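Asks: Need coordinates for the following:
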Amino acid sequence: MKYIGLGLSLAMVLGVQMYGAQTLEEAFSEGTTSGQIRLFYITRDRSGSVGDTQTDRRAFAGGGHLKFETAPLNGWSFGATYYSTSPLGFDPDDKDEVNPSLYGEDKKGYAILGEAYVKYQADNTTFTYGRQKLNTPLAGADDARMLPNLFEAAVLSNTDVEKTTLILAHVTKFQAGTFSNQYAGGALGVSSGYSLVNSESGRFMDMGEYAIGKDTDGVTMVAAIYKGLENVTLQLWDYYAVKAGAKYGVFGGYVAYSQTDSAKDAAINGGVVTPWGGMLAFTQGMVTCHMFFADASAWKVAGSYNFKGSGVLLNTVLYYAEFDVGADNAVKEGVAWTAIEFGFDMKYYPEAVKNLQVRLRGNFPTDFVKGLDWSEYRLILNYNF
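Replies: You can find the predicted model right below:
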């Protein structure tokens with residue numbers, strides 16, 4: 001796809017819509033500033049026949065992001081977001097004790113201009129070009145640690161059709177967030193949202209260079225999202241997946257099942273390849289994503305309770321997931337095993353501090369790989385402004 005061609009098409013199809021600021025000075029003076037301050041503590045204590053020989057890890061970091069977007073001028077606006085993460089009060093002599101998922105390369109903090117884009121909007125059509133955040137099934141922000149994944153892309157969307165969003169996008173570069181440092185490439189990495197060949201974060205890289213070590217012309221995506229059926233979402237993937245859920249008052253819950261086949265002549269034996277942060281499954285645990293392995297079946301059950309009716313702004317989720325991994329998997333070829341993960345996720349919004357979220361999460365896998373168990377806790381404070 002040529003950006004010039006796309007730009008010419010936009011100029012022909014979209015009219016100039018006059019709204020928002022009337023001058024460039026007004027565009028900046030009437031712009032909006034937003035952001036988030038994040039504090040994150042994580043600890044993982046390993047156990048099991050394999051885990052007992054490994055080092056327990058923990059980390060504490062602070063950072064977040066600061067965003068500015070101009071008011072629209074003749075339909076055009078500009079935006080930029082600065083992201084950063086820094087170690088806080090924890091720098092052990094033994095770097096093997098540091099959980100790498102809150103930092104960048106060499107377990108150090110870093111800062112990056114993660115978003116820098118131009119946007120044009122006219123009626124029901126929007127075009128965005130540049131560095132930006134995406135959340136699609138196979139390319140997503142995966143904002144589960146300190147800093148998210150980010151992309152360089154051209155994205156065109158339209159909502160002229162009732163209850164339908166049409167999207168055409170071409171993505172050229174990927175910047176892995178801090179979570180990528182949890183992985184070291186290989187089949188486990190590329191099945192869990194990251195690279196087959198590296199774990200580098202904090203740098204915008206060609207999509208193919210990051211994923212498999214080869215340059216490409218980027219990735220083109222076309223999508224149609226329909227929301228015309230109340231409480232129903234229909235999705236079709238290249239693996240079998242089922243999810244059913246319900247909500248009644250303060251209670252909610254769902255059960256999900258997925259299955260993959262195997263093909264020895266295909267990449268990672270025919271498992272699901274997802275190197276750009278996308279997590280399109282229903283059955284993933286907080287850390288266990290074995291439903292994407294080849295020759296695997298998985299099921300998950302979860303329940304939630306909202307304490308808002310009791311006067312407390314607290315929402316709690318409990319879940320249990322089980323992954324039956326066949327011997328054709330590419331992570332431990334020839335070995336079949338069952339991995340289990342259960343955990344919880346609690347979000348509390350104290351009334352005394354507006355816009356503050358206090359989040360406590362825990363996951364407890366058994367046989368993540370055969371013989372490796374752990375207990376992991378995460379405490380996250382997010383203050384939005």
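
Asks: can we go C-alpha only for contacts and neighbour counts from here?
Replies: Will do.

Asks: List the contacts of Glu322.
Replies: Ala298, Trp299, Lys300, Thr338, Ala339, Ile340, Glu341 (Cα atoms under 8 Å, 6 or more residues apart in numbering).

Asks: what residues are up against the fourth one?
Replies: With contact set as Cα under 8 Å, 6+ apart, Thr338 has these partners: Glu322, Phe323, Asp324, Val325, Asp367.

Asks: same thing but 10 Å
Replies: When contacts are counted by Cα atoms under 10 Å, 6 or more residues apart in numbering, Thr338 touches 290, 296-298, 322-326, 366-370.

Asks: how about the top strand by length along the chain: buried residues?
Replies: Of all the segments of type strand in the chain, defined by DSSP state E, the longest one is strand 32-47. Residues of strand 32-47 classed as buried under the neighbour-count rule (16 or more other Cα atoms under 10 Å) are 35-47.

Asks: and the nearest residue to Asn329 once chain neighbours are set aside, helix, strand or coil?
Replies: In space, and not counting its chain neighbours, Asn329 is closest to Ala294: 4.8 Å by Cα to Cα, 6 or more residues apart in numbering. Secondary structure for Ala294, judged by DSSP: H, G, I helix; E, B strand; the rest coil, is coil.

Asks: re the thing from before, return the closest of the contacts of Glu322 with respect to Asn99.
Replies: Glu341 (19.7 Å; Cα to Cα).

Asks: For Gly48, the count of nearby residues, please.
Replies: Number of residues near Gly48 (other Cα atoms under 10 Å) recorded here: 15.

Asks: For it, give me its contacts.
Replies: Residues near Gly48 by Cα under 10 Å, 6+ apart: Gln54, Thr366, Asp367, Lys370, Gly371, Leu372, Asp373, Trp374.

Asks: Pull up the gap between it and Gly185, please.
Replies: Using Cα to Cα, to the nearest Å, one obtains 24 Å as the distance from Gly48 to Gly185.

Asks: sorry, back to before: the contacts of Thr338 in strands, which ones?
Replies: Applying DSSP E to these, the entries found in strands are Ala296, Ser297, Ala298, Glu322, Phe323, Asp324, Val325, Thr366.

Asks: Please, where are all the helices along this structure?
Replies: 3-13, 24-29, 48-51, 186-191, 207-212 (DSSP state H).

Asks: Compare the mean pLDDT across those helices and name the weakest.
Replies: Comparing mean pLDDT across the helices of the chain, the lowest value falls on helix 3-13: a mean of 34.

Asks: burial of the nearest residue in space to Thr128 that is not next to it in sequence, as a residue count?
Replies: In space, and not counting its chain neighbours, Thr128 is closest to Lys119: 4.4 Å by Cα to Cα, 6+ apart. Using other Cα under 10 Å, Lys119 has 20 neighbouring residues.

Asks: Would you enumerate the residues in contact with Lys119?
Replies: By Cα under 10 Å, 6+ apart, Lys119 lies in contact with 69-70, 72, 75-79, 126-130, 154-156.

Asks: Ok, Leu372 next?
Replies: With Cα under 10 Å, 6+ apart, Leu372 has these contacts: Arg46, Ser47, Gly48, Ser49, Val50, Gly51, Asp52, Thr53, Gln54, Ala339, Pro365, Thr366.

Asks: what's the distance between it and Ile340?
Replies: Using Cα to Cα, Leu372 is found at 11 Å from Ile340.

Asks: For the two, list the residues in contact with both.
Replies: Shared contacts of Leu372 and Ile340 (Cα under 10 Å, 6+ apart): Pro365, Thr366.

Asks: Need the phi and psi values for the residue positioned nearest the centre of the chain.
Replies: What sits nearest the mean C-alpha location of the chain, by Cα atoms, centre = their mean, is Asp142, with 1.2 Å. Dihedral angles of Asp142 (phi, psi; degrees, to the nearest 10) stand at phi 50, psi 60.

Asks: and it, what does it touch?
Replies: Contacts of Asp142 by Cα under 10 Å, 6+ apart are 134-135, 148-150, 176-180, 193, 276-279.

Asks: what's the answer for Tyr41, then?
Replies: By Cα under 10 Å, 6+ apart, the contact list for Tyr41 reads 58-62, 88, 99, 102, 145-146, 360, 377-381.

Asks: residues contacting the spatially closest residue to it that is not a sequence neighbour?
Replies: Residue nearest to Tyr41 in three dimensions, not counting chain neighbours: Phe60, with 4.4 Å by Cα to Cα, 6+ apart. Listed by Cα under 10 Å, 6+ apart, the contact set of Phe60 reads 39-43, 86-91, 98-99, 102-103, 378-380.

Asks: Distance check, Phe60 against Ile212.
Replies: 31 Å.

Asks: neighbours around Val98, how many?
Replies: Counted with other Cα under 10 Å, Val98 comes out at 22.

Asks: Oh, that last question was meant for Tyr117, not what I typed.
Replies: There are 19 residues near Tyr117, going by other Cα under 10 Å.

Asks: Let me see the confidence value for it.
Replies: 98.

Asks: Quick check: buried residues in stretch 102-110?
Replies: Going by neighbour count (16+ other Cα under 10 Å), the buried part of stretch 102-110 is Leu102, Tyr103, Gly104, Lys107, Gly109, Tyr110.

Asks: scratch that, stretch 182-192
Replies: Buried positions in stretch 182-192, judged by neighbour count with 16+ other Cα under 10 Å: Tyr183, Ala184, Gly185, Gly186, Ala187, Leu188, Gly189, Val190, Ser191, Ser192.

Asks: How about stretch 368-381?
Replies: 368-370, 372-381.

Asks: Mind checking which of the contacts of Lys119 are in strands?
Replies: Among the contacts of Lys119, the ones falling in strands (DSSP E) are 69, 76-79, 126-130, 154-156.
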